[in-house]
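1. Sequence and predicted structure below; questions after.
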Amino acid sequence: MHTHIIKVRGFHCDMFGHVNNARYLEFLEEARWEWLNKLTTFNFFERKNLSFVVVSITIHYRWPSVLNDELEVSVQMQNMSNRSATVHQSVVRKADGKLIAEADVTFAMVDNTTMKAVPIDDELRQILVN
């Protein structure tokens, strides 16, 4: 499991004083980028002419977060099929361990030239499960 810390800033909050729901998608994405950076270099994807494309996100909002909260955003591989994979992500407030949100994000591996889903090969499968 990979974790990434995000501090809530004023521009993350809406007029009600809590983090706007759409911002959590950005927090989740930032953590996934950091996760991929730790697993491999982006040269790997360039060399293979591949991209991850999000095809589905299911998010459950559990509790609000507010200005200056430190949020721990985790990424954990949940399952992998031939052409797609799903990661489970959670957003937890560090100060009290409160679960703020959780999401399941499914992505496909896409050939950058054809823009069609391609099988996740053994090399990439090994990278993703470590």
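-> That came through, no problem.
2. If you tally nearby residues, what's the number for residue 16?
-> A count of nearby residues for residue 16, using other C-beta atoms under 10 Å, gives 9. For glycine as for every other residue, the C-beta is placed from the backbone atoms N, C-alpha and C.
3. ok, now residue 87?
-> 23.
4. Then residue 78?
-> As a measure of burial, residue 78 has 13 neighbours, counting by other C-beta under 10 Å.
5. can you give me the strands for this structure?
-> Under the criterion DSSP state E, strands of the chain are mapped to 2-7, 50-61, 70-80, 84-93, 99-111.
6. which of the ones you listed is buried the deepest?
-> Of the strands of the chain, the one with the most neighbours on average (mean count of other C-beta atoms under 10 Å) is strand 84-93, at a mean of 20.
7. So which elements touch that strand?
-> The contact analysis (3 or more C-beta pairs under 8 Å, 6 or more residues apart in numbering; DSSP states H and E) places strand 84-93 against helix 21-39, strand 70-80, strand 99-111.
8. got CSV for those, with distance to residue 89 and mean pLDDT too?
-> Listed next are the helices and strands packed on strand 84-93 as CSV, based on distance: least, C-beta to C-beta, whole Å; pLDDT from 0 to 100:
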stretch, distance to residue 89, mean pLDDT
helix 21-39, 5, 95
strand 70-80, 5, 97
strand 99-111, 5, 97
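9. I'd like these written out as CSV, with distance to residue 130 added.
-> Output for these, formatted as CSV (distance: least, C-beta to C-beta, whole Å):
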stretch, distance to residue 130
helix 21-39, 7
strand 70-80, 9
strand 99-111, 17
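10. coming back round to it: tabulate the strands of the chain in a markdown table, adding columns for distance to residue 122.
-> Formatted as a markdown table, those follow (distance: least, C-beta to C-beta, whole Å):
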| stretch | distance to residue 122 |
| --- | --- |
| strand 2-7 | 22 |
| strand 50-61 | 14 |
| strand 70-80 | 12 |
| strand 84-93 | 14 |
| strand 99-111 | 13 |
